[in-house]
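> Okay, sequence plus prediction incoming.
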Amino acid sequence: MKVLIVDDDIATVEVIEKAVDWKNLGVTDVFTAYNVASAKDIMRRQEVDIIVSDIEMPQGSGIDLLKWCRDHRFDGEFLLLTCHESFDYAQHAMKYRASEYLLKPFDVGVMQEALSKVIVNLKQQRILQENSQYGKWMRKNKRQMYTDFWLHIFTGRIREKREIFGEIEKRNLDLDGDKNYYLVVSKTFGLEKAKEKLNEDFMMFVMENIYTDTMCGDVTKNRVCGFNETDGYYLIAVCEGKDRQVGDLERKCKNLIDAYQRILGMEVTICISKEENISDFYESYRRIKGLIEKNVSYFGSYFYEEESICEIEEADNLLEIESLEKCFLEKRKMDILSMLKQKLNERVHRRLLDDKTLKLLKSEFLQGVYLFLGKENIHFSAVSKDENLGKLESKSTQSVIDFLKWANYLVDLIFTLEEEVRAKSTISDKINQYIAEHYAQNIGRNEIALEFGLTAEYIAKIYKKETGNSLNEAIAEFRIGQAKYLLKRGERVSQVASKVGFDNFTYFSTTFKKIEGITPNQYRKQKKQS
(Lines give C-alpha, C1' and ligand atoms only; values in the text may rest on other atoms or scores of the structure.)
Protein backbone atom coordinates (compact mmCIF):
# COMPACT_ATOMS: atom_id res chain seq x y z
CA MET A 1 0.00 0.00 0.00
CA LYS A 2 1.22 3.52 -0.87
CA VAL A 3 -0.02 6.71 0.82
CA LEU A 4 0.17 10.36 -0.24
CA ILE A 5 -0.17 13.11 2.41
CA VAL A 6 -1.19 16.58 1.11
CA ASP A 7 -1.33 19.68 3.35
CA ASP A 8 0.02 23.22 3.03
CA ASP A 9 0.94 23.08 6.72
CA ILE A 10 4.40 21.44 6.80
CA ALA A 11 4.12 20.69 10.53
CA THR A 12 0.89 18.72 10.02
CA VAL A 13 2.45 16.68 7.20
CA GLU A 14 5.47 15.83 9.37
CA VAL A 15 3.34 14.83 12.36
CA ILE A 16 1.20 12.47 10.25
CA GLU A 17 4.25 11.04 8.49
CA LYS A 18 6.14 10.32 11.73
CA ALA A 19 3.35 9.51 14.20
CA VAL A 20 1.41 6.84 12.26
CA ASP A 21 2.65 3.24 12.49
CA TRP A 22 2.73 2.69 8.72
CA LYS A 23 4.51 -0.67 8.87
CA ASN A 24 1.82 -2.15 11.11
CA LEU A 25 -0.82 -0.94 8.66
CA GLY A 26 0.97 -2.61 5.75
CA VAL A 27 1.99 0.68 4.08
CA THR A 28 5.30 0.45 2.21
CA ASP A 29 5.68 4.03 0.87
CA VAL A 30 4.57 7.43 2.16
CA PHE A 31 4.79 10.44 -0.19
CA THR A 32 4.25 14.07 0.84
CA ALA A 33 3.11 17.20 -0.99
CA TYR A 34 2.38 20.74 0.18
CA ASN A 35 0.00 21.82 -2.57
CA VAL A 36 -2.32 20.33 -5.17
CA ALA A 37 0.08 20.81 -8.08
CA SER A 38 2.83 18.81 -6.36
CA ALA A 39 0.32 16.11 -5.44
CA LYS A 40 -0.72 15.76 -9.10
CA ASP A 41 2.92 15.39 -10.17
CA ILE A 42 3.39 12.55 -7.68
CA MET A 43 0.16 10.90 -8.85
CA ARG A 44 1.39 10.97 -12.46
CA ARG A 45 4.64 9.23 -11.46
CA GLN A 46 3.47 6.87 -8.70
CA GLU A 47 0.64 4.42 -8.16
CA VAL A 48 -0.92 5.70 -4.94
CA ASP A 49 -3.55 3.71 -3.03
CA ILE A 50 -4.64 6.23 -0.35
CA ILE A 51 -4.60 10.03 -0.24
CA VAL A 52 -4.85 12.00 3.01
CA SER A 53 -5.54 15.64 2.13
CA ASP A 54 -6.50 18.87 3.84
CA ILE A 55 -9.57 20.56 2.35
CA GLU A 56 -8.62 24.22 2.55
CA MET A 57 -5.28 25.06 0.90
CA PRO A 58 -4.35 28.36 -0.79
CA GLN A 59 -3.23 26.92 -4.16
CA GLY A 60 -6.19 24.62 -4.78
CA SER A 61 -8.41 22.78 -2.31
CA GLY A 62 -8.56 19.14 -1.33
CA ILE A 63 -11.92 19.04 -3.11
CA ASP A 64 -10.21 20.10 -6.35
CA LEU A 65 -7.65 17.33 -5.91
CA LEU A 66 -10.34 14.76 -5.17
CA LYS A 67 -12.32 15.76 -8.28
CA TRP A 68 -9.15 15.61 -10.42
CA CYS A 69 -8.34 12.15 -9.08
CA ARG A 70 -11.80 10.79 -9.84
CA ASP A 71 -11.77 12.38 -13.30
CA HIS A 72 -8.45 10.60 -13.93
CA ARG A 73 -9.92 7.29 -12.72
CA PHE A 74 -8.09 7.11 -9.41
CA ASP A 75 -10.12 4.44 -7.65
CA GLY A 76 -8.32 4.44 -4.30
CA GLU A 77 -9.40 5.77 -0.92
CA PHE A 78 -9.46 9.50 -0.12
CA LEU A 79 -9.44 10.89 3.45
CA LEU A 80 -10.24 14.57 3.95
CA LEU A 81 -9.02 16.64 6.90
CA THR A 82 -11.46 19.36 7.92
CA CYS A 83 -12.68 21.58 10.76
CA HIS A 84 -16.23 22.28 12.02
CA GLU A 85 -16.35 25.43 9.93
CA SER A 86 -15.51 23.45 6.79
CA PHE A 87 -18.54 21.11 6.88
CA ASP A 88 -20.59 23.17 4.49
CA TYR A 89 -17.61 23.30 2.10
CA ALA A 90 -16.97 19.56 2.39
CA GLN A 91 -20.46 18.68 1.20
CA HIS A 92 -19.35 19.03 -2.42
CA ALA A 93 -17.03 16.02 -1.96
CA MET A 94 -19.91 13.59 -1.51
CA LYS A 95 -20.39 12.80 -5.18
CA TYR A 96 -16.66 12.16 -5.61
CA ARG A 97 -16.78 9.38 -2.99
CA ALA A 98 -14.58 10.71 -0.18
CA SER A 99 -13.91 7.79 2.18
CA GLU A 100 -13.89 9.64 5.49
CA TYR A 101 -13.82 13.09 7.11
CA LEU A 102 -11.34 13.57 9.96
CA LEU A 103 -11.53 16.57 12.25
CA LYS A 104 -8.54 18.74 13.03
CA PRO A 105 -6.47 19.07 15.17
CA PHE A 106 -4.77 15.83 14.10
CA ASP A 107 -5.22 12.84 16.47
CA VAL A 108 -2.92 9.90 15.76
CA GLY A 109 -5.34 7.34 17.25
CA VAL A 110 -8.25 8.52 15.14
CA MET A 111 -6.04 8.69 12.04
CA GLN A 112 -4.70 5.13 12.50
CA GLU A 113 -8.20 3.77 13.06
CA ALA A 114 -9.50 5.52 9.92
CA LEU A 115 -6.56 4.32 7.84
CA SER A 116 -7.02 0.78 9.12
CA LYS A 117 -10.65 0.80 8.02
CA VAL A 118 -9.99 2.15 4.54
CA ILE A 119 -7.10 -0.26 3.99
CA VAL A 120 -9.31 -3.23 4.91
CA ASN A 121 -12.02 -1.87 2.64
CA LEU A 122 -9.55 -1.30 -0.20
CA LYS A 123 -8.20 -4.84 0.07
CA GLN A 124 -11.71 -6.28 0.00
CA GLN A 125 -12.57 -4.21 -3.04
CA ARG A 126 -9.50 -5.38 -4.91
CA ILE A 127 -10.11 -9.02 -4.07
CA LEU A 128 -13.57 -8.69 -5.57
CA GLN A 129 -12.15 -6.89 -8.58
CA GLU A 130 -9.53 -9.55 -9.16
CA ASN A 131 -11.95 -12.44 -8.78
CA SER A 132 -14.53 -11.47 -11.34
CA GLN A 133 -16.27 -8.74 -13.27
CA TYR A 134 -19.29 -9.42 -11.09
CA GLY A 135 -17.16 -8.61 -8.06
CA LYS A 136 -16.24 -5.27 -9.61
CA TRP A 137 -19.89 -4.53 -10.27
CA MET A 138 -20.83 -5.59 -6.74
CA ARG A 139 -18.29 -3.26 -5.16
CA LYS A 140 -19.78 -0.24 -6.90
CA ASN A 141 -23.41 -1.19 -6.32
CA LYS A 142 -23.36 -3.06 -3.01
CA ARG A 143 -24.38 -0.15 -0.80
CA GLN A 144 -27.27 0.76 -3.09
CA MET A 145 -28.43 -2.86 -3.12
CA TYR A 146 -28.53 -2.92 0.69
CA THR A 147 -30.29 0.46 0.80
CA ASP A 148 -32.96 -0.72 -1.65
CA PHE A 149 -33.41 -3.93 0.32
CA TRP A 150 -33.92 -2.12 3.65
CA LEU A 151 -36.29 0.38 2.03
CA HIS A 152 -38.40 -2.52 0.76
CA ILE A 153 -38.36 -4.12 4.22
CA PHE A 154 -39.19 -1.03 6.30
CA THR A 155 -41.88 0.23 3.91
CA GLY A 156 -43.59 -3.18 3.89
CA ARG A 157 -43.07 -3.97 0.20
CA ILE A 158 -41.29 -7.21 1.17
CA ARG A 159 -42.80 -8.98 4.19
CA GLU A 160 -43.08 -12.68 3.46
CA LYS A 161 -40.13 -14.89 4.46
CA ARG A 162 -40.04 -16.52 1.06
CA GLU A 163 -39.64 -13.12 -0.62
CA ILE A 164 -37.02 -12.03 1.90
CA PHE A 165 -34.89 -15.14 1.31
CA GLY A 166 -35.23 -14.63 -2.42
CA GLU A 167 -34.06 -11.00 -2.28
CA ILE A 168 -31.12 -11.84 0.02
CA GLU A 169 -29.97 -14.55 -2.36
CA LYS A 170 -30.54 -12.51 -5.51
CA ARG A 171 -28.62 -9.52 -4.12
CA ASN A 172 -25.95 -11.71 -2.48
CA LEU A 173 -26.39 -9.86 0.84
CA ASP A 174 -24.51 -10.73 4.00
CA LEU A 175 -27.70 -11.46 5.95
CA ASP A 176 -29.34 -14.55 7.45
CA GLY A 177 -33.10 -14.65 6.90
CA ASP A 178 -33.53 -17.13 9.79
CA LYS A 179 -31.49 -15.16 12.30
CA ASN A 180 -32.95 -12.68 14.80
CA TYR A 181 -31.68 -9.10 14.84
CA TYR A 182 -32.54 -6.08 16.93
CA LEU A 183 -33.25 -2.56 15.69
CA VAL A 184 -31.68 0.57 17.12
CA VAL A 185 -34.08 3.32 16.05
CA SER A 186 -33.37 7.01 16.59
CA LYS A 187 -35.41 10.15 16.04
CA THR A 188 -33.44 13.36 15.51
CA PHE A 189 -34.63 16.75 16.76
CA GLY A 190 -33.34 20.22 15.83
CA LEU A 191 -32.97 19.68 12.07
CA GLU A 192 -33.99 23.27 11.33
CA LYS A 193 -31.07 24.69 13.28
CA ALA A 194 -28.59 22.29 11.63
CA LYS A 195 -29.90 23.19 8.15
CA GLU A 196 -28.77 26.78 8.74
CA LYS A 197 -25.15 25.53 8.70
CA LEU A 198 -25.26 22.50 6.43
CA ASN A 199 -26.76 21.56 3.10
CA GLU A 200 -29.62 19.13 3.78
CA ASP A 201 -28.23 16.29 1.64
CA PHE A 202 -24.80 16.60 3.21
CA MET A 203 -26.33 16.75 6.70
CA MET A 204 -28.14 13.43 6.06
CA PHE A 205 -24.90 11.97 4.73
CA VAL A 206 -23.01 13.01 7.88
CA MET A 207 -25.79 11.74 10.15
CA GLU A 208 -25.83 8.31 8.49
CA ASN A 209 -22.05 8.02 8.63
CA ILE A 210 -21.96 8.91 12.34
CA TYR A 211 -24.78 6.46 13.00
CA THR A 212 -23.19 3.61 11.05
CA ASP A 213 -19.72 4.15 12.49
CA THR A 214 -21.00 4.35 16.07
CA MET A 215 -23.59 1.58 16.09
CA CYS A 216 -22.01 -0.84 13.60
CA GLY A 217 -18.34 0.01 14.14
CA ASP A 218 -17.64 0.48 10.43
CA VAL A 219 -19.01 2.92 7.85
CA THR A 220 -18.66 0.21 5.19
CA LYS A 221 -21.33 -1.95 6.85
CA ASN A 222 -24.64 -1.67 5.05
CA ARG A 223 -27.10 -2.11 7.89
CA VAL A 224 -28.36 1.44 8.35
CA CYS A 225 -31.42 2.98 6.74
CA GLY A 226 -32.81 6.51 7.06
CA PHE A 227 -36.32 7.94 6.67
CA ASN A 228 -37.20 11.62 6.50
CA GLU A 229 -40.71 11.37 7.98
CA THR A 230 -43.13 14.27 8.50
CA ASP A 231 -42.46 14.34 12.26
CA GLY A 232 -38.66 14.03 12.10
CA TYR A 233 -35.69 12.16 10.68
CA TYR A 234 -35.40 8.49 11.70
CA LEU A 235 -32.35 6.23 11.40
CA ILE A 236 -32.43 2.47 11.90
CA ALA A 237 -29.41 0.25 12.55
CA VAL A 238 -29.90 -3.50 12.14
CA CYS A 239 -27.64 -5.19 14.72
CA GLU A 240 -26.99 -8.86 15.42
CA GLY A 241 -28.52 -10.40 18.52
CA LYS A 242 -25.19 -11.63 19.86
CA ASP A 243 -23.94 -8.02 19.98
CA ARG A 244 -26.56 -6.95 22.47
CA GLN A 245 -24.23 -6.73 25.42
CA VAL A 246 -25.70 -4.19 27.81
CA GLY A 247 -22.52 -2.30 28.69
CA ASP A 248 -21.28 -2.07 25.11
CA LEU A 249 -24.65 -1.04 23.73
CA GLU A 250 -25.14 1.66 26.34
CA ARG A 251 -21.68 3.03 25.56
CA LYS A 252 -22.53 3.19 21.84
CA CYS A 253 -25.82 5.01 22.49
CA LYS A 254 -24.10 7.54 24.75
CA ASN A 255 -21.39 8.12 22.14
CA LEU A 256 -24.02 8.62 19.45
CA ILE A 257 -26.00 11.14 21.51
CA ASP A 258 -22.77 13.00 22.30
CA ALA A 259 -21.61 13.00 18.65
CA TYR A 260 -24.91 14.38 17.34
CA GLN A 261 -24.89 17.14 19.94
CA ARG A 262 -21.20 18.01 19.52
CA ILE A 263 -20.90 17.83 15.73
CA LEU A 264 -24.39 18.72 14.51
CA GLY A 265 -25.95 20.48 17.52
CA MET A 266 -28.96 18.13 17.44
CA GLU A 267 -30.78 16.04 20.04
CA VAL A 268 -31.55 12.39 19.41
CA THR A 269 -33.82 9.89 21.18
CA ILE A 270 -32.98 6.19 20.76
CA CYS A 271 -35.05 3.07 21.32
CA ILE A 272 -33.60 -0.46 21.16
CA SER A 273 -36.09 -3.10 20.06
CA LYS A 274 -36.50 -6.69 21.14
CA GLU A 275 -34.82 -9.32 18.97
CA GLU A 276 -36.93 -10.10 15.93
CA ASN A 277 -36.76 -11.68 12.51
CA ILE A 278 -36.39 -9.55 9.37
CA SER A 279 -39.95 -10.53 8.39
CA ASP A 280 -41.21 -8.61 11.45
CA PHE A 281 -39.18 -5.43 10.86
CA TYR A 282 -42.00 -3.53 9.15
CA GLU A 283 -44.24 -3.78 12.24
CA SER A 284 -41.29 -3.38 14.61
CA TYR A 285 -40.21 -0.05 13.09
CA ARG A 286 -43.70 1.40 13.36
CA ARG A 287 -44.07 0.14 16.92
CA ILE A 288 -40.72 1.66 17.95
CA LYS A 289 -41.61 4.98 16.28
CA GLY A 290 -44.76 5.09 18.40
CA LEU A 291 -42.77 4.34 21.56
CA ILE A 292 -40.32 7.18 20.87
CA GLU A 293 -43.25 9.54 20.38
CA LYS A 294 -44.99 8.32 23.51
CA ASN A 295 -42.02 8.09 25.90
CA VAL A 296 -41.41 11.82 26.31
CA SER A 297 -39.36 11.30 29.49
CA TYR A 298 -36.57 9.64 27.44
CA PHE A 299 -36.10 12.69 25.17
CA GLY A 300 -32.40 13.14 24.33
CA SER A 301 -31.58 9.74 25.83
CA TYR A 302 -31.95 6.02 25.04
CA PHE A 303 -34.13 3.21 26.32
CA TYR A 304 -34.92 -0.43 25.67
CA GLU A 305 -38.31 -1.41 24.35
CA GLU A 306 -38.84 -3.45 27.52
CA GLU A 307 -38.44 -0.27 29.61
CA SER A 308 -40.91 1.80 27.63
CA ILE A 309 -44.25 3.09 28.77
CA CYS A 310 -47.18 1.32 27.14
CA GLU A 311 -50.20 2.89 28.77
CA ILE A 312 -50.51 5.19 31.78
CA GLU A 313 -53.75 5.46 33.70
CA GLU A 314 -55.02 8.91 32.95
CA ALA A 315 -55.28 11.21 35.97
CA ASP A 316 -58.40 13.30 36.53
CA ASN A 317 -56.35 16.46 37.09
CA LEU A 318 -52.64 17.12 37.12
CA LEU A 319 -52.83 20.77 38.18
CA GLU A 320 -54.88 22.51 40.86
CA ILE A 321 -56.78 24.91 38.63
CA GLU A 322 -57.80 27.25 41.46
CA SER A 323 -54.19 27.62 42.64
CA LEU A 324 -53.05 28.12 39.05
CA GLU A 325 -55.73 30.78 38.47
CA LYS A 326 -54.70 32.61 41.64
CA CYS A 327 -51.05 32.63 40.53
CA PHE A 328 -52.08 34.09 37.19
CA LEU A 329 -54.26 36.81 38.71
CA GLU A 330 -51.48 37.76 41.12
CA LYS A 331 -48.97 37.57 38.25
CA ARG A 332 -46.65 35.17 40.09
CA LYS A 333 -44.74 33.84 37.09
CA MET A 334 -42.13 31.86 39.06
CA ASP A 335 -44.81 30.08 41.06
CA ILE A 336 -46.61 29.11 37.85
CA LEU A 337 -43.45 27.66 36.32
CA SER A 338 -42.48 25.94 39.58
CA MET A 339 -45.88 24.26 39.67
CA LEU A 340 -45.35 22.93 36.14
CA LYS A 341 -41.75 21.81 36.81
CA GLN A 342 -42.78 19.96 39.95
CA LYS A 343 -45.47 17.97 38.16
CA LEU A 344 -43.17 17.20 35.23
CA ASN A 345 -40.18 16.20 37.34
CA GLU A 346 -42.31 13.89 39.48
CA ARG A 347 -43.46 11.98 36.40
CA VAL A 348 -40.08 11.98 34.66
CA HIS A 349 -38.44 10.55 37.77
CA ARG A 350 -41.01 7.76 37.98
CA ARG A 351 -41.00 7.28 34.17
CA LEU A 352 -44.70 8.10 34.09
CA LEU A 353 -44.59 10.90 31.54
CA ASP A 354 -45.91 10.05 28.10
CA ASP A 355 -47.24 12.17 25.25
CA LYS A 356 -50.86 11.92 26.45
CA THR A 357 -49.93 13.12 29.93
CA LEU A 358 -47.99 16.05 28.51
CA LYS A 359 -50.95 17.01 26.31
CA LEU A 360 -53.28 16.79 29.32
CA LEU A 361 -50.96 19.05 31.33
CA LYS A 362 -50.91 21.49 28.42
CA SER A 363 -54.72 21.52 28.27
CA GLU A 364 -55.02 22.22 32.01
CA PHE A 365 -52.39 24.94 31.84
CA LEU A 366 -54.28 26.62 28.99
CA GLN A 367 -57.43 26.60 31.14
CA GLY A 368 -55.58 28.85 33.58
CA VAL A 369 -54.48 31.06 30.70
CA TYR A 370 -58.05 31.39 29.35
CA LEU A 371 -59.45 32.22 32.80
CA PHE A 372 -56.87 34.96 33.26
CA LEU A 373 -57.46 36.44 29.81
CA GLY A 374 -61.22 36.33 30.33
CA LYS A 375 -61.04 38.25 33.59
CA GLU A 376 -58.74 40.82 32.01
CA ASN A 377 -61.03 41.13 28.97
CA ILE A 378 -58.25 40.18 26.56
CA HIS A 379 -59.19 38.22 23.43
CA PHE A 380 -57.03 35.10 22.87
CA SER A 381 -56.48 36.12 19.24
CA ALA A 382 -54.10 38.80 20.52
CA VAL A 383 -51.97 35.98 21.91
CA SER A 384 -52.31 33.31 19.23
CA LYS A 385 -51.14 35.54 16.37
CA ASP A 386 -47.63 35.72 17.86
CA GLU A 387 -45.35 33.81 15.40
CA ASN A 388 -42.72 32.82 17.97
CA LEU A 389 -45.41 31.34 20.21
CA GLY A 390 -46.69 29.25 17.30
CA LYS A 391 -43.24 27.80 16.66
CA LEU A 392 -42.72 26.95 20.32
CA GLU A 393 -46.18 25.43 20.64
CA SER A 394 -45.60 23.09 17.68
CA LYS A 395 -42.78 21.45 19.67
CA SER A 396 -44.28 21.82 23.15
CA THR A 397 -45.28 18.17 23.63
CA GLN A 398 -42.10 16.53 22.30
CA SER A 399 -40.09 17.05 25.52
CA VAL A 400 -40.15 18.56 29.02
CA ILE A 401 -37.67 21.25 27.97
CA ASP A 402 -39.77 22.28 24.97
CA PHE A 403 -42.93 22.33 27.08
CA LEU A 404 -41.36 24.67 29.65
CA LYS A 405 -39.95 26.95 26.93
CA TRP A 406 -43.43 27.32 25.46
CA ALA A 407 -45.11 27.86 28.85
CA ASN A 408 -42.51 30.44 29.91
CA TYR A 409 -42.93 32.39 26.66
CA LEU A 410 -46.73 32.25 26.89
CA VAL A 411 -46.79 33.55 30.48
CA ASP A 412 -44.49 36.44 29.55
CA LEU A 413 -46.65 37.23 26.54
CA ILE A 414 -50.01 37.38 28.33
CA PHE A 415 -48.60 39.39 31.24
CA THR A 416 -47.14 41.90 28.76
CA LEU A 417 -50.49 42.17 26.96
CA GLU A 418 -52.28 42.69 30.27
CA GLU A 419 -49.93 45.55 31.14
CA GLU A 420 -50.48 47.14 27.73
CA VAL A 421 -54.26 46.97 28.13
CA ARG A 422 -54.07 48.55 31.58
CA ALA A 423 -51.78 51.26 30.24
CA LYS A 424 -54.44 52.28 27.72
CA SER A 425 -56.47 54.81 29.70
CA THR A 426 -58.44 55.53 26.53
CA ILE A 427 -58.82 53.53 23.35
CA SER A 428 -61.71 55.47 21.86
CA ASP A 429 -59.40 57.46 19.55
CA LYS A 430 -57.99 54.24 18.09
CA ILE A 431 -61.49 52.84 17.68
CA ASN A 432 -62.59 56.01 15.89
CA GLN A 433 -59.57 55.71 13.62
CA TYR A 434 -60.49 52.09 12.85
CA ILE A 435 -64.07 53.13 12.04
CA ALA A 436 -62.78 55.86 9.71
CA GLU A 437 -60.66 53.32 7.83
CA HIS A 438 -63.25 50.53 7.63
CA TYR A 439 -66.69 52.22 7.69
CA ALA A 440 -67.49 50.99 4.16
CA GLN A 441 -67.08 47.39 5.31
CA ASN A 442 -69.40 45.19 7.37
CA ILE A 443 -68.09 46.14 10.83
CA GLY A 444 -69.59 46.04 14.30
CA ARG A 445 -68.36 45.64 17.84
CA ASN A 446 -67.27 42.02 17.26
CA GLU A 447 -64.96 42.98 14.40
CA ILE A 448 -63.55 45.93 16.36
CA ALA A 449 -63.02 43.79 19.46
CA LEU A 450 -61.13 41.20 17.40
CA GLU A 451 -58.89 43.90 15.95
CA PHE A 452 -57.90 45.15 19.41
CA GLY A 453 -57.61 41.71 21.00
CA LEU A 454 -60.35 42.42 23.56
CA THR A 455 -63.78 40.96 24.22
CA ALA A 456 -66.75 42.60 22.51
CA GLU A 457 -68.50 43.32 25.82
CA TYR A 458 -65.43 44.97 27.32
CA ILE A 459 -64.64 47.18 24.32
CA ALA A 460 -68.29 48.32 24.03
CA LYS A 461 -68.34 49.18 27.74
CA ILE A 462 -65.09 51.15 27.61
CA TYR A 463 -66.13 53.09 24.50
CA LYS A 464 -69.48 54.04 26.03
CA LYS A 465 -67.74 55.16 29.20
CA GLU A 466 -65.23 57.34 27.37
CA THR A 467 -67.48 58.90 24.70
CA GLY A 468 -71.05 58.61 25.96
CA ASN A 469 -72.03 56.89 22.68
CA SER A 470 -72.44 53.27 21.86
CA LEU A 471 -70.22 51.70 19.22
CA ASN A 472 -73.19 51.20 16.91
CA GLU A 473 -74.09 54.90 17.24
CA ALA A 474 -70.50 55.92 16.50
CA ILE A 475 -70.37 53.76 13.38
CA ALA A 476 -73.76 55.01 12.15
CA GLU A 477 -72.90 58.70 12.71
CA PHE A 478 -69.59 58.40 10.86
CA ARG A 479 -71.26 56.64 7.93
CA ILE A 480 -74.01 59.28 7.68
CA GLY A 481 -71.37 62.02 7.80
CA GLN A 482 -69.64 60.44 4.81
CA ALA A 483 -73.03 60.02 3.07
CA LYS A 484 -73.76 63.73 3.43
CA TYR A 485 -70.46 64.56 1.76
CA LEU A 486 -71.25 62.28 -1.19
CA LEU A 487 -74.83 63.57 -1.52
CA LYS A 488 -73.52 67.16 -1.66
CA ARG A 489 -71.46 66.10 -4.66
CA GLY A 490 -74.71 65.02 -6.37
CA GLU A 491 -74.25 61.26 -6.22
CA ARG A 492 -77.35 59.05 -6.37
CA VAL A 493 -78.81 57.97 -3.03
CA SER A 494 -78.69 54.23 -3.82
CA GLN A 495 -75.00 54.48 -4.73
CA VAL A 496 -74.20 56.45 -1.59
CA ALA A 497 -75.85 53.89 0.65
CA SER A 498 -73.63 51.14 -0.73
CA LYS A 499 -70.45 53.25 -0.57
CA VAL A 500 -70.82 54.05 3.14
CA GLY A 501 -71.44 50.46 4.26
CA PHE A 502 -75.24 49.97 4.10
CA ASP A 503 -76.35 46.91 2.20
CA ASN A 504 -80.03 47.75 2.78
CA PHE A 505 -81.37 50.96 1.25
CA THR A 506 -84.39 51.16 3.58
CA TYR A 507 -82.17 50.83 6.66
CA PHE A 508 -79.89 53.55 5.27
CA SER A 509 -82.84 55.96 4.81
CA THR A 510 -84.19 55.18 8.27
CA THR A 511 -80.80 55.75 9.92
CA PHE A 512 -80.17 58.95 7.93
CA LYS A 513 -83.54 60.43 8.93
CA LYS A 514 -83.02 59.43 12.58
CA ILE A 515 -79.74 61.36 12.73
CA GLU A 516 -80.44 64.30 10.36
CA GLY A 517 -84.24 64.65 10.71
CA ILE A 518 -84.80 64.36 6.96
CA THR A 519 -84.48 61.61 4.33
CA PRO A 520 -81.40 61.31 2.09
CA ASN A 521 -83.42 62.43 -0.95
CA GLN A 522 -84.66 65.55 0.87
CA TYR A 523 -81.09 66.33 1.99
CA ARG A 524 -79.77 65.91 -1.58
CA LYS A 525 -82.47 68.23 -3.01
CA GLN A 526 -81.78 70.92 -0.39
CA LYS A 527 -78.06 70.93 -1.14
CA LYS A 528 -78.72 70.90 -4.87
CA GLN A 529 -80.98 73.97 -4.62
CA SER A 530 -78.55 75.82 -2.40
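Structure received.
> where in the stretch 51-200 of the chain is pLDDT low?
84-96, 127-140, 193-198 (pLDDT under 70).
> the helices in it, which residues?
62-71, 87-90, 108-131, 133-154, 161-171, 191-195, 200-216 (DSSP state H, counting those that start in this stretch).
> Out of those helices, the one nearest Tyr285 is which?
helix 133-154 (5.2 Å; CB to CB). Just so you know, the C-beta spots here come from the backbone N, C-alpha and C atoms, and that holds for glycine as well.
> which residues sit against stretch 393-400?
By CB atoms under 8 Å, 6 or more residues apart in numbering, the residues outside stretch 393-400 that reach it are 189, 267, 296-297, 299-300, 344, 348, 353, 355, 358-359, 362, 402-403, 405-407.
> Apply 6 Å and report the result again.
Phe299, Leu344, Asp355, Leu358, Lys359, Asp402, Phe403, Trp406 (CB atoms under 6 Å, 6 or more residues apart in numbering).
> Kindly check the end-to-end length of that stretch for me.
Start-to-end span of stretch 393-400 (CA to CA, to the nearest Å) is 12 Å.
> still on that earlier bit, just the buried ones from the contacts of stretch 393-400?
Listed as buried from the contacts of stretch 393-400 are Phe299, Leu344, Asp355, Leu358, Asp402, Phe403, Trp406; burial here means 16 or more other CB atoms under 10 Å.
> sec struct for the last one, please.
Assigned by DSSP: H, G, I helix; E, B strand; the rest coil, the conformation of Trp406 is helix.
> who wins for proximity to Gly290 among the helices of the stretch 51-200 of the chain?
Using CB to CB, these put helix 133-154 closest to Gly290, at 14.5 Å.
> Mind jotting down where the helices sit in the stretch 401-530 of the chain?
According to DSSP H, counting those that start in this stretch, the stretch 401-530 of the chain carries its helices in the segments 428-438, 445-452, 456-467, 471-488, 493-499, 505-516, 520-529.
> coming back round to it: need the contacts of stretch 393-400 in TSV (columns: pLDDT and distance to Tyr458).
Below are these laid out as TSV (pLDDT from 0 to 100; distance: CB to CB, whole Å):
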residue	pLDDT	distance to Tyr458
Phe299	89	41
Leu344	89	34
Asp355	82	37
Leu358	88	33
Lys359	89	31
Asp402	90	33
Phe403	93	31
Trp406	95	27
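> Tell me how far the residue nearest to Ser323 when sequence neighbours are not counted lies from Gly468.
The shortest distance from Ser323 to any non-neighbouring residue, by CB to CB, 6 or more residues apart in numbering, is to Met339 (7.2 Å). If you measure Met339 against Gly468 using CB to CB, to the nearest Å, the figure is 45 Å.
> now swap in Val224 and tell me
Taken as CB to CB, the span from Val224 to Gly468 is 74 Å.
> From the contacts of stretch 393-400, which land in strands?
Of the contacts of stretch 393-400, none are assigned to strands by DSSP state E.
> Would you format those as a markdown table with distance to Ile16 included?
Listed next are these as a markdown table, based on distance: CB to CB, whole Å:
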| residue | distance to Ile16 |
| --- | --- |
| Phe299 | 41 |
| Leu344 | 50 |
| Asp355 | 50 |
| Leu358 | 51 |
| Lys359 | 54 |
| Asp402 | 44 |
| Phe403 | 48 |
| Trp406 | 49 |
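> which one of the residues you listed is nearest Gly290?
For the contacts of stretch 393-400, the nearest to Gly290 is Asp355 (9.5 Å; CB to CB).
> How many residues are close by the nearest residue to the closest one once chain neighbours are set aside?
Excluding its sequence neighbours, the residue lying closest to Asp355 (CB to CB, 6+ apart) is Lys294, at 5.1 Å. Per other CB atoms under 10 Å, the neighbour tally for Lys294 reads 20.
> and what of the one 4 residues further on?
Look at Tyr298: counted by other CB under 10 Å, it has 21 neighbours.
> Do you know the pLDDT at Leu319?
Residue-level confidence at Leu319 comes out at 86, pLDDT.
> Please list all residues in contact with it.
With contacts taken as CB under 6 Å, 6+ apart, Leu319 has the following neighbours: Glu364.
> From Phe299, how far out is it?
On the measure of CB to CB, Leu319 and Phe299 end up 21 Å apart.
> wait, doesn't His152 sit right on Glu163?
No. Look at His152 against Glu163 with CB atoms under 6 Å: they stay out of range, at 8.8 Å.
> residue contacts, Tyr304?
So Tyr304 contacts Ile272 (CB under 6 Å, 6+ apart).
> how close does it get to Gly468?
When Tyr304 is compared with Gly468 (using CB to CB), they lie 72 Å apart.
> just Lys254 next, same as before
For Lys254, the distance to Gly468 - CB to CB - is 71 Å.
> circling back to that earlier point, let me have the helices of the stretch 51-200 of the chain in JSON lines, extended by distance to Glu330.
Shown next, in JSON lines, are the helices of the stretch 51-200 of the chain (distance: least, CB to CB, whole Å):
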{"stretch": "helix 62-71", "distance to Glu330": "62"}
{"stretch": "helix 87-90", "distance to Glu330": "50"}
{"stretch": "helix 108-131", "distance to Glu330": "57"}
{"stretch": "helix 133-154", "distance to Glu330": "53"}
{"stretch": "helix 161-171", "distance to Glu330": "64"}
{"stretch": "helix 191-195", "distance to Glu330": "37"}
{"stretch": "helix 200-216", "distance to Glu330": "47"}
